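K.L.:
curious how this folds, go ahead:
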Amino acid sequence: MGRLFSGSEILLESLHREKVEVVFGLPGGAVLPLYDALYSAGIRHLLVRHEQAAAFAADGYARVSGKPGVCLVTSGPGATNLTTGLTSALMDSIPVVALTGQVPLPLIGKDAFQEADTIGITLPCTKQSFMARTAAEVPEIIHRAFKTAVSGRPGPVLVDLPKSVLMEKAEPQYPARPADERPERAREWSDDDLRRAAEMILASRKAVFYAGGGAIASGAWEELRELAELAHIPVTPTLMALGAFPSRHPLSLGMLGMHGSYATNMAVCRADLLVAIGARFDDRVTGRVKDFASRAKKIQFDVDPSEINK
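P.N.:
As a prediction, the model looks like this:
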């Protein structure tokens, strides 16, 4: 039998293997064993003054770095204070991994101090929520959490950590490779679909490219610019897509929708083809759906099949 490590040590080693450099957090009783181990773990910790700030800081880190942001809070109100930030990350498709403390396993369901059904509360505002029940399974759960956060449409994932698991000793087995690289995705479209889209673009006279946050999340800004210049079609970005297309480019229309310009909205209104690239047709953009780009045929590209025709 090999050397035994505490659940806290195993968790921090798992974060190292996922190439985590910084954690945004606020200490509390349920996660004190983890903070004791974090002190000498070599992972930078940035202290916030409220748990909601930890979620938003992790969100901002992910937007800037392109890597999942990590936040760490205690049980009960610590975990519930994350929900606003997690909901924002879910809506904007931002990869965040939230680590929440929980009461010891034997006390779950007994109304222990600062106990809350964190998994149930956060299911609607995360891609997936996990609870670790043994220290030995922590590496696999952390690996799955990071993989889920960046797979397909990115988003937040939560890992609930009972205090007893953080203190338990186990012999860990770590996954072979980190999950930070976005896995290959199955094609949702065929060559015939692309051919038909190309024919529609060539046949159009007043086409507009409508770029959303997916153009940034997928790193497709160079392809977007190349396609716009090749087809000589103007581009209008959503708020989430600002920066995906140069604002001073001759083909840039600027933002559309409620917070966009009159000229841009009129261009979309009169378009005969609207090509949506990683955009979710938000109501701040469309207004009355039946009147939005009503003269245009639509082509929609999105990594999330549930967004198509929604």
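K.L.:
am I right that Tyr210 falls within a strand?
P.N.:
Yes: secondary structure of Tyr210 (DSSP: H, G, I helix; E, B strand; the rest coil): part of a strand.
K.L.:
OK, contacts around it?
P.N.:
Neighbouring residues of Tyr210 by CB atoms under 8 Å, 6 or more residues apart in numbering: 236, 238, 256, 268, 274-277, 279. All C-beta atoms are positioned from the backbone trio N, CA, C, and that covers glycine.
K.L.:
for Thr134, same thing?
P.N.:
Contacts of Thr134 (CB under 8 Å, 6+ apart): 165, 168, 170.
K.L.:
which SSE is Asp193 in?
P.N.:
helix 191-203 (DSSP states H and E).
K.L.:
for that helix, name the packing helices and strands.
P.N.:
strand 273-277, strand 297-301 (3 or more CB pairs under 8 Å, 6 or more residues apart in numbering; DSSP states H and E).
K.L.:
how big is the angle separating the last one from helix 191-203?
P.N.:
Computed with axes from the mean of the first three to the mean of the last three CA atoms, to 10 degrees, the direction of strand 297-301 lies at 130 degrees from that of helix 191-203.
K.L.:
which elements pack onto strand 297-301?
P.N.:
So strand 297-301, by 3+ CB pairs under 8 Å, 6+ apart, packs with helix 191-203, strand 273-277.
K.L.:
who wins for proximity to His232 among the ones you listed?
P.N.:
helix 191-203 (10.5 Å; CB to CB).
K.L.:
for that closest one, buried residues please.
P.N.:
In terms of neighbour count (16 or more other CB atoms under 10 Å), helix 191-203 has its buried residues at 197, 200-201.
K.L.:
now it, how far from the chain's geometric center?
P.N.:
What separates the centre of helix 191-203 from the centre of its chain is 30 Å, taken as CA atoms, centre = their mean, to the nearest Å.
K.L.:
quick one, it and strand 273-277 angle?
P.N.:
Counting by the same axes, to 10 degrees, helix 191-203 lies at 130 degrees to strand 273-277.
K.L.:
which stretch among the helices and strands packed on helix 191-203 comes nearest Gly25?
P.N.:
Comparing the helices and strands packed on helix 191-203 under CB to CB, the one sitting nearest is strand 273-277, at 35.7 Å.
K.L.:
neighbouring strands of the closest one in the sheet, and parallel or not?
P.N.:
The strands that strand 273-277 pairs with in its sheet are strand 207-211 (parallel), strand 297-301 (parallel) (by DSSP bridges).
K.L.:
partners of whichever strand or helix holds His45, with directions?
P.N.:
Using DSSP H and E, the element containing His45 is strand 44-47. Here strand 44-47 has these sheet partners by DSSP bridges: strand 22-25 (parallel).
K.L.:
the next helix-or-strand element following the partner strand: how far from the chain's middle?
P.N.:
Per DSSP H and E, strand 22-25 leads on to helix 32-38 as the next helix or strand towards the C-terminus. Per CA atoms, centre = their mean, the displacement of helix 32-38 from the mean C-alpha position of its chain is 26 Å.
K.L.:
mean confidence for helix 32-38?
P.N.:
Average pLDDT, helix 32-38: 94.
K.L.:
so which of the strands paired with strand 273-277 comes closest to Arg144?
P.N.:
Taking CB to CB, strand 297-301 is the member of these nearest to Arg144, at 27.6 Å.
K.L.:
what's the mean pLDDT across that closest one?
P.N.:
Mean predicted confidence for strand 297-301 is 95.
K.L.:
show me which parts of it are buried, residue by residue.
P.N.:
299-301.
K.L.:
Ser247: which of those residues is nearest?
P.N.:
Closest to Ser247 out of the buried residues of strand 297-301 is Phe301 (21.9 Å), distances taken as CB to CB.
K.L.:
now the contacts of Thr134 in JSON lines, with neighbour count and secondary structure?
P.N.:
Putting the contacts of Thr134 into JSON lines (neighbours: other CB atoms under 10 Å; DSSP: H, G, I helix; E, B strand; the rest coil) gives the following:
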{"residue": "Val165", "neighbour count": "26", "secondary structure": "helix"}
{"residue": "Glu168", "neighbour count": "23", "secondary structure": "coil"}
{"residue": "Ala170", "neighbour count": "18", "secondary structure": "strand"}
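K.L.:
all set, thanks.
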